[in-house]
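A.B. asks: attaching a predicted model along with its sequence, questions to come.
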Amino acid sequence: MNLAGWDLLELLMEQQAAGYPEHFELHRDGSRWRWINRPLGIDDTFIFEDDTTLPYGPMEYITRQSQGDFCLLEQRENNLWMDAGIVTTQADWSLDFDIGMNFMEWHAPVPLAHQMGVFDRALKYLMNIRHGQPARRFNWTMTVNPRLDTSPENYHKWGPDRASVTPENVGRKAHLRVELQSFWRLPRSNALVFPIRCYLIALDELVTIPKWARRLHRVLESLPPELVQYKGLSRWRHLAIEYLAEFDDGSPTSPGIWPD
Ligand code: HEM
(Lines give C-alpha, C1' and ligand atoms only; values in the text may rest on other atoms or scores of the structure.)
Protein backbone atom coordinates (compact mmCIF):
# COMPACT_ATOMS: atom_id res chain seq x y z
CA MET A 1 0.00 0.00 0.00
CA ASN A 2 2.91 2.36 0.53
CA LEU A 3 3.94 1.99 -3.12
CA ALA A 4 0.27 2.45 -4.11
CA GLY A 5 0.35 5.63 -2.00
CA TRP A 6 3.23 6.96 -4.12
CA ASP A 7 1.33 6.00 -7.28
CA LEU A 8 -1.66 7.91 -5.97
CA LEU A 9 0.46 10.93 -5.10
CA GLU A 10 1.77 10.99 -8.67
CA LEU A 11 -1.71 10.63 -10.18
CA LEU A 12 -3.24 13.40 -8.07
CA MET A 13 -0.33 15.80 -8.54
CA GLU A 14 -0.32 15.24 -12.31
CA GLN A 15 -4.09 15.64 -12.59
CA GLN A 16 -4.30 18.70 -10.38
CA ALA A 17 -1.38 20.43 -12.14
CA ALA A 18 -2.86 19.64 -15.58
CA GLY A 19 -6.42 20.63 -14.63
CA TYR A 20 -5.68 23.75 -12.58
CA PRO A 21 -2.26 25.11 -13.63
CA GLU A 22 -3.05 28.43 -11.96
CA HIS A 23 -3.24 26.67 -8.58
CA PHE A 24 -0.87 23.68 -8.80
CA GLU A 25 2.57 22.96 -10.28
CA LEU A 26 4.61 19.77 -10.41
CA HIS A 27 8.29 19.91 -11.41
CA ARG A 28 10.34 16.72 -11.73
CA ASP A 29 14.09 16.44 -11.84
CA GLY A 30 14.71 12.68 -11.79
CA SER A 31 13.36 11.48 -8.45
CA ARG A 32 13.56 14.98 -6.99
CA TRP A 33 10.07 16.49 -7.23
CA ARG A 34 8.77 19.95 -6.37
CA TRP A 35 5.06 20.37 -5.62
CA ILE A 36 3.36 23.75 -5.39
CA ASN A 37 -0.18 24.04 -4.05
CA ARG A 38 -0.96 27.76 -4.08
CA PRO A 39 -4.39 27.74 -2.37
CA LEU A 40 -2.82 25.99 0.65
CA GLY A 41 0.52 27.88 0.47
CA ILE A 42 2.53 24.65 0.02
CA ASP A 43 5.86 24.54 -1.83
CA ASP A 44 7.58 21.22 -0.99
CA THR A 45 10.55 19.46 -2.54
CA PHE A 46 10.90 15.71 -1.88
CA ILE A 47 12.41 12.50 -3.25
CA PHE A 48 9.85 10.28 -4.96
CA GLU A 49 9.44 6.96 -3.08
CA ASP A 50 11.42 8.24 -0.07
CA ASP A 51 8.90 8.56 2.79
CA THR A 52 11.39 10.39 5.00
CA THR A 53 11.25 13.43 2.70
CA LEU A 54 7.51 14.13 3.28
CA PRO A 55 5.75 15.25 6.48
CA TYR A 56 3.23 12.33 6.16
CA GLY A 57 3.10 9.05 4.27
CA PRO A 58 2.52 9.69 0.53
CA MET A 59 -1.20 8.82 0.56
CA GLU A 60 -1.98 10.97 3.59
CA TYR A 61 0.19 13.81 2.28
CA ILE A 62 -1.65 14.15 -1.04
CA THR A 63 -5.19 13.23 0.04
CA ARG A 64 -5.08 15.88 2.78
CA GLN A 65 -4.74 18.31 -0.15
CA SER A 66 -7.49 16.74 -2.28
CA GLN A 67 -11.28 16.91 -2.15
CA GLY A 68 -13.31 13.73 -1.82
CA ASP A 69 -12.63 10.27 -0.44
CA PHE A 70 -10.07 7.72 -1.63
CA CYS A 71 -9.90 3.94 -1.22
CA LEU A 72 -6.90 1.92 -2.36
CA LEU A 73 -7.64 -1.62 -3.50
CA GLU A 74 -5.01 -4.29 -3.83
CA GLN A 75 -5.64 -6.93 -6.49
CA ARG A 76 -4.77 -10.49 -5.46
CA GLU A 77 -6.41 -13.95 -5.28
CA ASN A 78 -8.80 -12.93 -8.07
CA ASN A 79 -10.32 -10.25 -5.85
CA LEU A 80 -9.94 -6.64 -4.72
CA TRP A 81 -9.05 -5.87 -1.11
CA MET A 82 -9.73 -2.57 0.62
CA ASP A 83 -6.32 -2.16 2.16
CA ALA A 84 -6.05 1.63 2.63
CA GLY A 85 -8.34 4.64 2.57
CA ILE A 86 -9.04 8.18 3.71
CA VAL A 87 -12.75 8.70 3.99
CA THR A 88 -14.83 11.50 5.56
CA THR A 89 -18.10 11.55 3.55
CA GLN A 90 -19.36 7.97 3.61
CA ALA A 91 -23.04 7.10 3.07
CA ASP A 92 -23.65 4.85 6.08
CA TRP A 93 -20.62 2.58 5.76
CA SER A 94 -17.47 2.50 7.85
CA LEU A 95 -13.92 2.39 6.54
CA ASP A 96 -12.73 1.18 9.95
CA PHE A 97 -15.15 -1.74 9.68
CA ASP A 98 -14.47 -2.56 6.01
CA ILE A 99 -10.69 -2.21 5.98
CA GLY A 100 -9.03 -5.48 4.90
CA MET A 101 -12.27 -6.85 3.39
CA ASN A 102 -12.60 -8.01 -0.20
CA PHE A 103 -15.07 -6.76 -2.85
CA MET A 104 -17.80 -9.31 -2.02
CA GLU A 105 -17.37 -8.88 1.74
CA TRP A 106 -17.71 -5.08 1.85
CA HIS A 107 -20.68 -5.24 -0.57
CA ALA A 108 -22.39 -7.95 1.51
CA PRO A 109 -25.04 -5.61 3.03
CA VAL A 110 -26.32 -4.46 -0.40
CA PRO A 111 -29.68 -6.18 -1.15
CA LEU A 112 -30.78 -7.72 -4.51
CA ALA A 113 -27.61 -6.98 -6.53
CA HIS A 114 -25.71 -10.12 -5.44
CA GLN A 115 -28.49 -12.46 -6.65
CA MET A 116 -28.64 -10.54 -9.94
CA GLY A 117 -24.95 -11.23 -10.56
CA VAL A 118 -24.18 -7.50 -10.52
CA PHE A 119 -21.18 -7.81 -8.21
CA ASP A 120 -19.66 -10.78 -10.09
CA ARG A 121 -19.73 -8.75 -13.30
CA ALA A 122 -18.55 -5.55 -11.61
CA LEU A 123 -15.57 -7.31 -10.03
CA LYS A 124 -14.51 -8.85 -13.35
CA TYR A 125 -14.79 -5.47 -15.00
CA LEU A 126 -12.74 -3.72 -12.32
CA MET A 127 -9.98 -6.32 -12.32
CA ASN A 128 -9.47 -5.65 -16.03
CA ILE A 129 -9.14 -1.87 -15.77
CA ARG A 130 -5.89 -0.78 -17.34
CA HIS A 131 -3.49 2.00 -16.57
CA GLY A 132 -4.47 5.12 -18.53
CA GLN A 133 -8.05 3.89 -19.10
CA PRO A 134 -10.04 4.94 -16.02
CA ALA A 135 -13.77 4.26 -15.68
CA ARG A 136 -16.56 5.91 -13.72
CA ARG A 137 -20.01 5.25 -12.30
CA PHE A 138 -22.61 7.04 -10.21
CA ASN A 139 -24.23 5.90 -7.01
CA TRP A 140 -27.20 7.53 -5.32
CA THR A 141 -29.06 7.67 -2.06
CA MET A 142 -30.94 10.31 -0.08
CA THR A 143 -29.89 12.25 3.00
CA VAL A 144 -31.82 14.42 5.43
CA ASN A 145 -30.09 17.83 5.66
CA PRO A 146 -27.01 18.63 3.52
CA ARG A 147 -24.69 16.45 5.59
CA LEU A 148 -21.69 14.78 3.94
CA ASP A 149 -20.58 12.57 6.83
CA THR A 150 -23.29 9.98 7.45
CA SER A 151 -20.95 7.38 8.92
CA PRO A 152 -22.11 4.74 11.42
CA GLU A 153 -19.59 6.27 13.87
CA ASN A 154 -21.58 9.53 13.76
CA TYR A 155 -25.05 7.96 13.61
CA HIS A 156 -26.05 9.73 16.83
CA LYS A 157 -25.61 13.06 14.99
CA TRP A 158 -27.58 12.33 11.81
CA GLY A 159 -29.81 9.30 12.52
CA PRO A 160 -32.41 11.25 14.54
CA ASP A 161 -32.80 13.75 11.64
CA ARG A 162 -34.80 11.10 9.80
CA ALA A 163 -37.67 11.69 12.20
CA SER A 164 -37.66 15.46 11.54
CA VAL A 165 -39.06 15.41 7.97
CA THR A 166 -42.58 16.85 7.60
CA PRO A 167 -44.77 17.73 4.58
CA GLU A 168 -43.83 21.39 5.21
CA ASN A 169 -40.04 20.96 5.29
CA VAL A 170 -39.44 17.95 2.99
CA GLY A 171 -38.42 20.12 0.00
CA ARG A 172 -35.77 21.83 2.10
CA LYS A 173 -34.60 18.86 4.19
CA ALA A 174 -34.60 15.90 1.81
CA HIS A 175 -31.55 15.79 -0.45
CA LEU A 176 -30.62 13.60 -3.38
CA ARG A 177 -27.06 12.46 -2.77
CA VAL A 178 -25.05 11.44 -5.83
CA GLU A 179 -21.55 10.04 -5.69
CA LEU A 180 -19.24 10.29 -8.68
CA GLN A 181 -17.00 7.26 -8.34
CA SER A 182 -14.04 6.49 -10.58
CA PHE A 183 -11.57 3.64 -10.95
CA TRP A 184 -7.92 4.12 -11.87
CA ARG A 185 -5.21 1.48 -12.27
CA LEU A 186 -1.95 2.51 -10.62
CA PRO A 187 1.20 1.71 -12.59
CA ARG A 188 3.84 0.52 -10.07
CA SER A 189 1.71 -1.26 -7.45
CA ASN A 190 -1.02 -2.54 -9.83
CA ALA A 191 -3.49 -1.36 -7.15
CA LEU A 192 -6.75 0.41 -8.04
CA VAL A 193 -7.69 3.74 -6.59
CA PHE A 194 -11.38 4.49 -6.04
CA PRO A 195 -12.00 8.23 -5.56
CA ILE A 196 -15.51 9.26 -4.46
CA ARG A 197 -16.94 12.78 -4.83
CA CYS A 198 -20.28 13.42 -3.19
CA TYR A 199 -22.87 15.98 -4.34
CA LEU A 200 -26.08 16.92 -2.53
CA ILE A 201 -29.13 18.77 -3.89
CA ALA A 202 -32.30 19.66 -1.96
CA LEU A 203 -35.61 18.64 -3.52
CA ASP A 204 -36.58 22.34 -3.70
CA GLU A 205 -33.67 22.93 -6.05
CA LEU A 206 -33.91 19.60 -7.88
CA VAL A 207 -37.47 20.35 -9.03
CA THR A 208 -36.25 23.42 -10.92
CA ILE A 209 -35.18 20.89 -13.60
CA PRO A 210 -38.49 19.28 -14.73
CA LYS A 211 -36.82 16.10 -15.98
CA TRP A 212 -35.08 15.48 -12.67
CA ALA A 213 -38.32 15.99 -10.72
CA ARG A 214 -40.22 13.51 -12.92
CA ARG A 215 -37.38 10.99 -12.85
CA LEU A 216 -36.86 11.04 -9.08
CA HIS A 217 -40.60 10.82 -8.46
CA ARG A 218 -40.81 7.67 -10.58
CA VAL A 219 -37.66 6.10 -9.15
CA LEU A 220 -38.80 6.64 -5.56
CA GLU A 221 -42.28 5.29 -6.30
CA SER A 222 -40.96 2.11 -7.91
CA LEU A 223 -38.04 1.43 -5.55
CA PRO A 224 -38.11 -2.17 -4.24
CA PRO A 225 -38.86 -2.34 -0.47
CA GLU A 226 -35.42 -3.90 0.21
CA LEU A 227 -33.73 -0.83 -1.28
CA VAL A 228 -36.05 1.59 0.52
CA GLN A 229 -34.89 0.04 3.76
CA TYR A 230 -31.21 -0.23 2.75
CA LYS A 231 -31.07 3.42 1.71
CA GLY A 232 -32.70 4.44 5.00
CA LEU A 233 -35.79 6.03 3.39
CA SER A 234 -38.55 4.08 5.19
CA ARG A 235 -39.70 6.89 7.47
CA TRP A 236 -40.13 9.69 4.95
CA ARG A 237 -40.08 8.33 1.39
CA HIS A 238 -43.87 8.85 1.14
CA LEU A 239 -43.41 12.55 1.94
CA ALA A 240 -40.83 12.94 -0.82
CA ILE A 241 -43.10 11.11 -3.29
CA GLU A 242 -46.06 13.35 -2.39
CA TYR A 243 -43.90 16.45 -2.78
CA LEU A 244 -42.51 15.34 -6.16
CA ALA A 245 -45.90 14.15 -7.52
CA GLU A 246 -46.87 17.77 -8.06
CA PHE A 247 -43.96 18.13 -10.53
CA ASP A 248 -44.62 14.91 -12.49
CA ASP A 249 -47.00 15.60 -15.39
CA GLY A 250 -46.64 12.03 -16.71
CA SER A 251 -44.72 13.04 -19.81
CA PRO A 252 -41.79 10.87 -20.93
CA THR A 253 -38.24 11.61 -19.85
CA SER A 254 -35.25 11.33 -22.14
CA PRO A 255 -32.43 8.92 -21.25
CA GLY A 256 -29.33 10.20 -19.46
CA ILE A 257 -28.81 12.71 -16.69
CA TRP A 258 -28.84 16.01 -18.60
CA PRO A 259 -31.79 18.39 -18.43
CA ASP A 260 -34.04 18.24 -21.54
C1 HEM B 1 -13.53 -1.04 -5.94
C2 HEM B 1 -14.41 -0.11 -5.98
C3 HEM B 1 -15.59 -0.08 -5.06
C4 HEM B 1 -15.62 0.18 -3.74
C5 HEM B 1 -14.41 0.47 -2.82
C6 HEM B 1 -17.01 0.12 -3.31
C7 HEM B 1 -17.44 0.32 -2.01
C8 HEM B 1 -18.76 0.26 -1.59
C9 HEM B 1 -19.19 0.38 -0.23
C10 HEM B 1 -18.28 0.56 0.97
C11 HEM B 1 -20.55 0.31 -0.22
C12 HEM B 1 -21.47 0.39 1.01
C13 HEM B 1 -21.87 -1.01 1.44
C14 HEM B 1 -22.58 -1.02 2.80
O15 HEM B 1 -23.80 -0.87 2.83
O16 HEM B 1 -21.90 -1.18 3.84
C17 HEM B 1 -20.98 0.14 -1.58
C18 HEM B 1 -22.29 0.05 -2.00
C19 HEM B 1 -22.66 -0.24 -3.30
N20 HEM B 1 -21.82 -0.51 -4.37
FE21 HEM B 1 -19.80 -0.40 -4.37
N22 HEM B 1 -17.79 -0.16 -4.38
C23 HEM B 1 -16.97 -0.29 -5.48
C24 HEM B 1 -17.35 -0.58 -6.76
C25 HEM B 1 -18.64 -0.81 -7.16
C26 HEM B 1 -19.02 -1.13 -8.51
C27 HEM B 1 -18.09 -1.22 -9.73
C28 HEM B 1 -20.34 -1.28 -8.51
C29 HEM B 1 -21.15 -1.60 -9.73
C30 HEM B 1 -22.19 -2.34 -9.76
C31 HEM B 1 -20.83 -1.07 -7.14
C32 HEM B 1 -22.13 -1.12 -6.71
C33 HEM B 1 -22.59 -0.79 -5.46
C34 HEM B 1 -23.99 -0.69 -5.10
C35 HEM B 1 -25.18 -0.92 -6.04
C36 HEM B 1 -24.04 -0.34 -3.76
C37 HEM B 1 -25.30 -0.06 -2.94
C38 HEM B 1 -25.53 1.44 -2.89
C39 HEM B 1 -26.96 1.90 -2.76
O40 HEM B 1 -27.88 1.30 -3.34
O41 HEM B 1 -27.18 2.95 -2.11
N42 HEM B 1 -19.75 -0.79 -6.35
N43 HEM B 1 -19.87 0.11 -2.40
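C.D. replies: Done, it's in.
A.B. asks: residues of stretch 118-131 that come out buried?
C.D. replies: By 16 or more other C-beta atoms under 10 Å, the buried positions in stretch 118-131 come out as 119, 122-123, 126. From N, CA and C alone the C-beta is placed, and that goes for glycine too.
A.B. asks: again, but for stretch 216-234
C.D. replies: For stretch 216-234, burial by neighbour count (16+ other C-beta under 10 Å) applies to 216-217, 220, 223, 230-233.
A.B. asks: of those residues, which pair is most distant in space?
C.D. replies: 217 and 230 (19.9 Å; C-beta to C-beta).
A.B. asks: residue 178 touches residue 199, doesn't it?
C.D. replies: Yes - when contacts are counted by C-beta atoms under 8 Å, residue 178 is listed as touching residue 199 (5.0 Å).
A.B. asks: between those two, who's got more neighbours?
C.D. replies: Legend: neighbour count by other C-beta atoms under 10 Å for residue 178 and residue 199, higher for residue 178 (16 against 13).
A.B. asks: who's in contact with the more buried one?
C.D. replies: Residue 178 makes contacts with 138-140, 198-199, 201, as judged by C-beta atoms under 8 Å, 6 or more residues apart in numbering.
A.B. asks: cool, and residue 93?
C.D. replies: 106, 109, 151-152 are the contacts of residue 93 under C-beta under 8 Å, 6+ apart.
A.B. asks: endpoints of stretch 161-177, how far apart?
C.D. replies: 16 Å (C-alpha to C-alpha, to the nearest Å).
A.B. asks: from residue 200, how far off is residue 27?
C.D. replies: 37 Å (C-beta to C-beta, to the nearest Å).
A.B. asks: cool, residue 209 as well?
C.D. replies: 15 Å.
A.B. asks: let me know the secondary structure of the closest residue to residue 186 other than its chain neighbours.
C.D. replies: With C-beta to C-beta, 6 or more residues apart in numbering as the criterion, residue 186 has its nearest non-adjacent residue at 3.5 Å, and that residue is residue 7. Here residue 7 is helix, with the state taken from DSSP: H, G, I helix; E, B strand; the rest coil.
A.B. asks: residue 7: what's it in contact with?
C.D. replies: 186-189, 191, 193.
A.B. asks: what about it, distance to residue 187?
C.D. replies: 6 Å.
A.B. asks: hang on, the earlier thing: and the contacts of residue 178, which are buried?
C.D. replies: In the contacts of residue 178, burial by neighbour count holds for 198, 201, counting by 16+ other C-beta under 10 Å.
A.B. asks: out of the contacts of residue 178, which are close to the ligand?
C.D. replies: Contacts with the ligand within the contacts of residue 178, counted by C-beta under 6 Å from any ligand atom: residue 139.
A.B. asks: rebuild the contacts of residue 178 as JSON lines, extending it with secondary structure, distance to residue 241 and pLDDT.
C.D. replies: Below are the contacts of residue 178 laid out as JSON lines (DSSP: H, G, I helix; E, B strand; the rest coil; distance: C-beta to C-beta, whole Å; pLDDT from 0 to 100):
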{"residue": "138", "secondary structure": "strand", "distance to residue 241": "21", "pLDDT": "96"}
{"residue": "139", "secondary structure": "strand", "distance to residue 241": "21", "pLDDT": "96"}
{"residue": "140", "secondary structure": "strand", "distance to residue 241": "16", "pLDDT": "97"}
{"residue": "198", "secondary structure": "strand", "distance to residue 241": "24", "pLDDT": "97"}
{"residue": "199", "secondary structure": "strand", "distance to residue 241": "22", "pLDDT": "97"}
{"residue": "201", "secondary structure": "strand", "distance to residue 241": "17", "pLDDT": "98"}
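A.B. asks: secondary structure element for residue 3?
C.D. replies: helix 2-19 (DSSP states H and E).
A.B. asks: meant to ask about residue 126
C.D. replies: Here residue 126 is assigned to helix 118-127, by DSSP H and E.
A.B. asks: chain center to that helix: distance?
C.D. replies: Its chain's C-alpha centre and that of helix 118-127 lie 18 Å apart, by C-alpha atoms, centre = their mean, to the nearest Å.
A.B. asks: understood, closing this out.
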